[in-house]
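Engineer: The sequence and its predicted three-dimensional model are supplied below.
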Amino acid sequence: MDTEVSARAAGPRAGGGATGWEGVTGSVTGSDAALKRFLHGLPGVDAVGLEERAAVLGTRSIKTSAKAYAIDLAISMIDLTTLEGADTPGKVRTLCAKGMRPDPGDRAVPQVAAICVYPDMVAVAKDALKGSGVQVASVATAFPSGRAALEVKLADTRAAVAAGADEIDMVIDRGAFLAGRYLEVFEQIQAVGEACVRPDSSRAHLKVIFENGELATYDNIRRCSWLAMLAGADFIKTSTGKVAVNATPAGTLLMLEAVRDFRRMTGVQVGVKPAGGIRTAKDAVKYLVLVNETAGEDWLSPQWFRFGASSLLNDLLMQRQKLATGRYSGPDYVTVD
Amino acid sequence: MAFAYAPAPESRAIVDIAPSYGLFIDGEFTESADGRVFKSVSPSSEEVLAEVARAGERDVDRAVKAARRAFATWSALPGAERGKYLFRIARILQERSRELAVLESLDNGKPIRETRDFDLPTVAAHFFYYAGWADKLKYAVTGRSPMSGTSGPDPKPLGVAGQVIPWNFPLLMLAWKVAPALATGNTVVLKPAETTPLSALFFADVCRQAGLPRGVVNILPGYGDAGAALVAHEDVDKVAFTGSTEVGRSIARAVAGTRKKVTLELGGKAANIVFDDAPIDQAVEGVVKGIFFNQGHVCSAGSRLLVQESIQDELLDALKRRMSTLRVGDPLDKNTDIGAINSPEQLARITELAAAGEAEGAERWAPACELPSSGYWFAPTLFTGVSQAHRIAREEIFGPVLSVLTFRTPAEAVEKANNTPYGLSAGIWTEKGSRILSVANKLRAGVVWANTFNQFDPTSPFGGYKESGYGREGGRHGLEAYLDV
Amino acid sequence: MSDKSSKQEKRGGKAARAEDAEQADAVVETPVAAAPTRLSVFKTYKLYVGGKFPRSESGRVYEVTDSTDKWLANAPQASRKDARDAVVAARKAVPGWSGATAYNRGQVLYRVAEMLEGRREQFAREVADAEGLTPDEAAAVVDAAVDRWVWYAGWTDKIAQVVGGANPVAGPFFNLSTPEPTGVVAVLAPQESSLLGLVSVVAPVIATGNTAVVVASQRAPLPALSLSEVLATSDVPAGVVNVLSGFTAELGAPLAAHLDVNGLDLTGADAELARELEISAAENLKRVRRPSAAGPEDWQADPGVERLTAWLETKTVWHPIGV
């Protein structure tokens, strides 16, 4: 971490447009060789130690008031997602209704952070969510594989932004990353970031999906985290949810360490989004413990931490009902999406 | 604080502590010969948990005689049958592990997270491991004679083992002592520490449930005088001790010129060496686990952090940040990381050595943390600017106090790490494989953890070089101490 | 210094007079006219410390006699300072010797056997004198001593495989136990077996990479002192073996108490001395090997590995297994 990264003015990138952003990269991203040197110079990750730490944090026992707090916080952090070939406007509208009012019987339940859909469903979602404050997130860049020409990816992104997406969840080119073409990945992220800029020069938030399951090693996840942050990601996201290995506590812990260290070095705070496979309230609370004890409470808000999930919401709702009533709830008492 | 964890106490109801306990001799609980008793106190609350009979010299004699009587039949049992008793014990320990974990946390002060996730599983594993050795002893001792592996008689047990254990891992240290002793056909008189006698007395009940023949295991709660009497008893064939180097020395003197075989597991002042290419986040975790695991009441604790000067600032920042997340308090709270100091005496010693650190010019740091008002507590503490000459760099503190020293080259790291009369354990953190092997070769320590720390396993021999003692516990090596070879 | 050496000369002179007297007796029985018997050249026996052959710094010697009390030679009577010097030399030799490859150590030990083999007659004579054996018995003892070096030469690169190994821990860790030398071992050599016993206690100490300070048999130190000459010409690095002659109790005390000695072999101590030294050795928790309780050991028996493992520490190294 001794490689120079020119510090950039503190403060979130959100809403700030792209101004000043180019200054971050400095000598580190000047060339493929320099970028590789920097990324390969990051401290190594010992897999066993990392997983042991994640497992120990997983034994935290979150009870009563802390649990109630965590459940509501988790609900508010959900990017409620539908990414199916079978998605229809009706399905998306149902999901939007659920996101705005997760529990029809309890107005105190917070709404989710965003509804996450394919680009062609953005307009439907935007319309359904109008005035609610729930964001529309759209996957883009030839999600989930990312195997398309850059122009196609940028067009995909622009279409989603033009349709009203507040947030773009892009996938990186894992092939390029694994082949060591880091600058290419870096430039693609930057290009997609530029495609997020609206005509009024405001911009959609950019979430960068690594697909940790395909990056395979923790060292790669750490490198990819820094690569994406240097390239201007607002969020770094574990997975598409479309491969065998999705979000894991250890991988997320590692990314939380990366955003923590990145802010210490540059003053820039970046969010983290685990996605895929997080289905139970218990799991979600464990992730919040990871956030709390790794990046710290600054990240404990929907602005800085999200869950990419669909069935998670109902389990959180059932646990919430259990806490409120003392009775275990059942699937008949939460709505199907 | 946005995400404050509510108290999550483990229920005490699972453990039923009687108001008083006797000595466990020849399969029965009895009073001590002189009727003396002492109180076992919970260090986190100063609550008296039970009154316990205090063994004296006559009780030691009674227990050794019982063990001697039992030895004839126990050692004559086929190994497979002895092994089955041990398997039974392992299984009962697993069944009763939550109860024993709560008991251990109450009596010792250590966090339930550790007793539940480390102590008790490791205790059961230890019995399970040695159970399987009982009928395979002829394969255990290498090089006794040509072809000793497959032909020839079983190696012989020694007789009566006198075992004296410390308070830091009461039940685990019992397991380390009792399991190999029984597997090899010896019988046991064990003295638990005076501040933590209860789990050993519950173990007596586990032996009862397992149907262990009377006299095979005898438990004598008591103080140092009982330990000394046990060590000195002329009908004891084997002495096993875990504890301070000072007491270890006196035991080594006491057994001089006798036939008694001895293993001593003594103090340490382990160096945890962090090189500039270390996996830094895991290194920080390893340093924390190295010194704050079990309140630092660990003989193998990584109490000296040797950090390469070029990453000192970065590592110390990260370490301090991490220390600030340590949760100190109620041992029964499932979220507690650091529990109570075991006794007022130990607290006084830690306090005194920490004061000496300041007086000698080292810089003291501890995270802001609120300590409970009753009980014995010490905040996790870091000393920087420590030199090799400081007492806190040389003496075993046996508490949550870390001394930070720096080095510039691998050779300097090794030299400083070895510059101590102790030699129990050491840690190395670097991503470079050949450096690990080179440094591990040069460290004079019985256990070297590379890119990890404070890992234990029944199959893995544990024990020290130099003044950290002699003999090994665990693994095949651990059998040799109990066999006539 | 000069004063001391002159004392040495005086004592030497006294011993020489005893020899002269013997010669004088012989003269009486020899016809005056015959050619004079060649006067043999005596050997000045010296200590062996740090690869050098010093006299005792104390300037003391003591008379060594054969089994019939006939004078054989004067042996240096080493002092506690000699013991201290020997420990310094032994410590200095530790890094090199313990760091040498096991193959290298094996070849060095084998070289000792080769050198000893070449001097069998000399040692047979010395052992016969020392132990009162017949020439055949003494030759057999020397042969056994040579073979013992060969036995231990072969062990240097095998013992780690026999006593070490991988441990199947229940977790994602590579875990390996290997034996390492204890360090500096002080050896009180057996009193009765001046060569075979000596070799049997010294060879395992150094085979495993330790260095030794040996106190030779008090009554019969000459084979030990002569063995030093073999060691000095056998590629054994300086300081790996240091041989002191003198009074076992006098030398045992400082060695047992010495904080830079890691191990103590009490084979040559009687029960009372052994107890005393074991107590003293507790100060820095030396590894102590007690003398046999059953009386003198059978040095012709298969030695097993016990004398190797006595001077080994088990080091267990853990490393995570992860990608």
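Structural biologist: That came through fine.
Engineer: Can you list the residue ranges for helices in the stretch 51-200 of chain C?
Structural biologist: Assigned by DSSP state H, counting those that start in this stretch, the helices in the stretch 51-200 of chain C fall at C:80-99, C:102-118, C:120-131, C:135-155, C:159-163, C:196-207.
Engineer: mind showing which ranges of chain A have poor pLDDT?
Structural biologist: Counting by pLDDT under 70, chain A shows low-confidence ranges at A:1-26.
Engineer: Tell me where it has helices.
Structural biologist: In chain A, the helices defined using DSSP state H lie at A:32-40, A:47-57, A:64-76, A:89-100, A:122-128, A:150-162, A:174-178, A:182-195, A:212-215, A:218-230, A:249-266, A:281-294, A:312-325.
Engineer: which residue is nearest the centroid of the chain?
Structural biologist: Unless you meant another one, I'm taking chain A. Closest residue to the average C-alpha location of chain A: residue A:273 at 2.7 Å, with C-alpha atoms, centre = their mean.
Engineer: was after chain C, sorry
Structural biologist: Nearest residue to the geometric centre of chain C (C-alpha atoms, centre = their mean): residue C:214, 4.2 Å.
Engineer: Please name the residues that touch that one.
Structural biologist: C:186-187, C:189, C:198, C:201-202, C:224, C:241-244 (C-beta atoms under 8 Å, 6 or more residues apart in numbering or on different chains). In short, each C-beta sits where N, CA and C put it, glycine included.
Engineer: do you know how far whatever residue of chain C ends up closest to chain A is from residue B:437?
Structural biologist: Residue nearest to chain A within chain C (C-beta to the nearest C-beta): residue C:322, separated by 2.8 Å. Applying C-beta to C-beta, to the nearest Å, the value for residue C:322 to residue B:437 is 18 Å.
Engineer: circling back: burial check on the residue of chain C closest to chain A, number of neighbours?
Structural biologist: Neighbourhood size, residue C:322 [other C-beta atoms under 10 Å in any protein chain shown]: 18.
Engineer: Confirm that it sits in a strand.
Structural biologist: No: residue state for residue C:322 (DSSP: H, G, I helix; E, B strand; the rest coil) corresponds to coil; a strand is not indicated.
Engineer: Tell me who's in contact with the closest residue to it other than its chain neighbours.
Structural biologist: Once flanking residues are discounted, residue C:322 sits nearest to residue A:47: 2.8 Å by C-beta to C-beta, 6 or more residues apart in numbering or on different chains. Contacts for residue A:47 (C-beta under 8 Å, 6+ apart) come out as A:217-218, A:250, C:320, C:322-323.
Engineer: Quick check: residue B:102 touching residue B:15?
Structural biologist: Yes: using C-beta atoms under 8 Å, residue B:102 is in contact with residue B:15, at 4.7 Å.
Engineer: tally of neighbours for the closest residue in space to residue C:56 that isn't next to it in sequence?
Structural biologist: Nearest non-adjacent residue to residue C:56, counting by C-beta to C-beta, 6+ apart: residue C:76, 4.1 Å away. Residue C:76 has 28 neighbours, counted by other C-beta under 10 Å.
Engineer: wait, isn't residue C:76 in contact with residue C:60?
Structural biologist: Yes: taking C-beta under 8 Å as the definition, residue C:76 is a contact partner of residue C:60 at 7.1 Å.
Engineer: which neighbours do these two share?
Structural biologist: Joint contacts of residue C:76 and residue C:60 (C-beta under 8 Å, 6+ apart) are residue C:246.
Engineer: Nice, that's everything, thank you.
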